[in-house]
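# Need coordinates for the following:
(one chain, ligands or ions: 1)
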Amino acid sequence: MVDPLATLKRAEQFVRGMNERFGGTVFISETVADIKPTIIDEQAAAAPPAVKQAHEQKDTGTVARTEQNKAADNQQENTVDKTWPESPDLATLDQRINQCLRCRLGETRNKFVFGVGNPAADLMVIGEAPGADEDAQGEPFVGRAGQLLNKILQAVEFQREDVYIANIIKCRPPGNRRPQSDEVDACEGYLFRQIELIKPAVILALGLTSVNTLLKANHKMGDVRGKQIPFRGVTLVATYHPAALLRNPQWKRNTWDDIKLVRRLVDEARGKQ
Ligand code: SF4
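Purely as a prediction, here's the structure:
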């Protein structure tokens, strides 16, 4: 391959020789040293088409990715009717949000688990998130834990149909892991609208994760159970999750006390109406 610098060097020497021989009639304005940066620049400009192209492609790719991200964001937003906060009733709210993809859990769910029960219930039962059975059936608190919840409610003469049962998160976290904070942030507004529409007298929060997620706190169960805690204009009572009771039957005594408190509070609220 021809070395352009060596060629120029030879040309410079030739011209200088001619100048010396013919009295400077041949004029050269630039030495190799002057020209070299130019050559390098030109080489850079010439060689770089591939590089430039790569940069152009990269820039185009960045723009394309940004557009894709925007489209994905829009698509996620578009899966929810933006008027959901003004939904006049539970059925409308469900219809407006049940295609939600506002967090990653929407991509892995089988069924959206909105909630079930009496839309004018005095008692609202709130758990953390759907498990495998709930994800399969689209209903909260089914399976063994759900059956135990039904028995606990029946022990103080609530039927499942009398109360309203929901979770903070509407889609199952994979592997039954705890919901992450951004998932809670994305989803809890739906629960808050459900509470506004149902207007229960009492909320029974099941399980420490549920309690601490609702209260934005880091309590121990012993600190909060058996108490009346103000929450969004409603009295909240905390107790153990039925799934935890299945593993720890020694907690049934405390749960029995908590559910009796719930019964009393609901009766008192009804008495005031
Ligand atoms: S968990 Fe909630 S915010 Fe996330 S996709 Fe499901 S409904 Fe939407």
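# Do a quick rundown of the strands in the stretch 51-200 of the chain.
116-117, 123-127, 164-167 (DSSP state E, counting those that start in this stretch).
# so where is the chain shaky, pLDDT-wise?
1-78, 272-273 (pLDDT under 70).
# the domain parsing of it - what is it?
Structural domains annotated on the chain: 4-75, 110-272, as defined by automatic domain parsing.
# one step back: out of the strands of the stretch 51-200 of the chain, flag the one nearest Lys199.
strand 123-127 (9.2 Å; CB to CB). Heads up, the C-betas are built off the backbone N, CA and C, glycines and all.
# what does that closest one rub up against?
140-141, 149, 153, 158, 162-168, 191, 194-195, 198, 200-207, 210, 214, 234, 241, 262, 266 (CB atoms under 8 Å, 6 or more residues apart in numbering).
# Sheet partners, orientation included, of that strand?
Here strand 123-127 has these sheet partners by DSSP bridges: strand 164-167 (parallel), strand 202-206 (parallel).
# Which of those strands sits closest to the ligand?
strand 164-167 (9.2 Å; CB to the nearest ligand atom).
# which residues in the stretch 151-273 of the chain form helices?
181-198, 208-215, 221-224, 242-247, 252-272 (DSSP state H, counting those that start in this stretch).
# ok, and the closest non-adjacent residue to Thr83?
Arg96 (6.7 Å; CB to CB, 6 or more residues apart in numbering).
# re earlier: for the strands of the stretch 51-200 of the chain, which one sits closest to Gly106?
Across those, closest to Gly106 is strand 164-167 (CB to CB), at 14.4 Å.
# Of all the residues in stretch 184-199, which ones are buried?
Residues of stretch 184-199 classed as buried by neighbour count (16 or more other CB atoms under 10 Å): Val184, Ala186, Cys187, Glu188, Tyr190, Leu191, Arg193, Gln194, Ile195, Leu197, Ile198.
# does any bit of that stretch sit next to the ligand?
Yes: applying CB under 6 Å from any ligand atom, one finds that stretch 184-199 is in contact with the ligand at Ala186, Cys187.
# quick one: contacts for the residue nearest to Asn248 when sequence neighbours are not counted?
Computed as CB to CB, 6+ apart, the closest residue to Asn248 that is not its neighbour in sequence is Tyr240, at 7.5 Å. Listed by CB under 8 Å, 6+ apart, the contact partners of Tyr240 are Leu206, Gly207, Met221, Arg225, Asn248, Trp251, Asn254, Thr255, Asp258.
# go with 7 Å
By CB atoms under 7 Å, 6 or more residues apart in numbering, the residues touching Tyr240 are Gly207, Met221, Trp251, Thr255.
# Thanks a lot, catch you later.
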